[in-house]
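K.L.:
Coordinates only, no sequence provided:
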């Protein structure tokens, strides 16, 4: 049996991922009515969505909303995509990277509450570009680089 999980045709979605336990589906989406189908870098903020697959007829929930206006050191929003394996071992957390001003940052999101924070080990690397390569068990692998530093492999967890 095939089921249409996302019914709103006004949204563009990217990177659907199923949790290791099969309980949750997450993806990034944005409203194309606001930004159009072809977006540039300044209109490409996503929101992180979740669908509870263990509950029949559940509806999608916004974990992290689109950021409309961010000033100063405020969180700028979600840009980019999800790694191929973003979930922690039991699927309770998602790890991803996003662009924040002139650097990329790694964040960890609680799948139940949508609360998020930045991964301190990756923040302490002092490298302006950090991209998640993989999350396995509870180990996060990333590559960090800068214009004057060759790429380095980073591990957290």
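P.N.:
That came in fine, so what should we check first? Because the structure is a prediction, the values reported are computed rather than measured. Residues are numbered from 1 along each chain as shown.
K.L.:
quick one, strands of the chain?
P.N.:
With strands called from DSSP state E, the chain shows them at 11-18, 24-31, 47-52, 61-64, 93-100, 103-110, 116-118, 129-136, 139-146, 149-156.
K.L.:
Name the strands paired with the third one and say parallel or antiparallel.
P.N.:
So that's strand 47-52. According to DSSP bridges, strand 47-52 forms sheet pairs with strand 24-31 (antiparallel), strand 61-64 (antiparallel).
K.L.:
if I pick the closest residue to residue 80 other than its chain neighbours, what's in contact with it?
P.N.:
Once flanking residues are discounted, residue 80 sits nearest to residue 98: 5.9 Å by Cβ to Cβ, 6 or more residues apart in numbering. Glycine gets a C-beta too; all of them are placed from N, C-alpha and C. Residues near residue 98 by Cβ atoms under 8 Å, 6 or more residues apart in numbering: 76, 77, 78, 79, 80, 104, 105, 107.
K.L.:
What distance do you get for the last one to residue 80?
P.N.:
Residue 107 is 11 Å from residue 80, where distance means Cβ to Cβ, to the nearest Å.
K.L.:
So between those two, which is more surrounded?
P.N.:
residue 107 (20 against 17; other Cβ atoms under 10 Å).
K.L.:
circling back: need the strands of the chain in TSV (columns: mean pLDDT).
P.N.:
Below are the strands of the chain laid out as TSV (pLDDT from 0 to 100):
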stretch	mean pLDDT
strand 11-18	83
strand 24-31	88
strand 47-52	92
strand 61-64	93
strand 93-100	89
strand 103-110	88
strand 116-118	89
strand 129-136	90
strand 139-146	89
strand 149-156	88
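K.L.:
Rebuild those as JSON lines, extending it with distance to residue 85.
P.N.:
Listed next are the strands of the chain as JSON lines, based on distance: least, Cβ to Cβ, whole Å:
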{"stretch": "strand 11-18", "distance to residue 85": "8"}
{"stretch": "strand 24-31", "distance to residue 85": "12"}
{"stretch": "strand 47-52", "distance to residue 85": "16"}
{"stretch": "strand 61-64", "distance to residue 85": "18"}
{"stretch": "strand 93-100", "distance to residue 85": "9"}
{"stretch": "strand 103-110", "distance to residue 85": "14"}
{"stretch": "strand 116-118", "distance to residue 85": "18"}
{"stretch": "strand 129-136", "distance to residue 85": "5"}
{"stretch": "strand 139-146", "distance to residue 85": "10"}
{"stretch": "strand 149-156", "distance to residue 85": "15"}
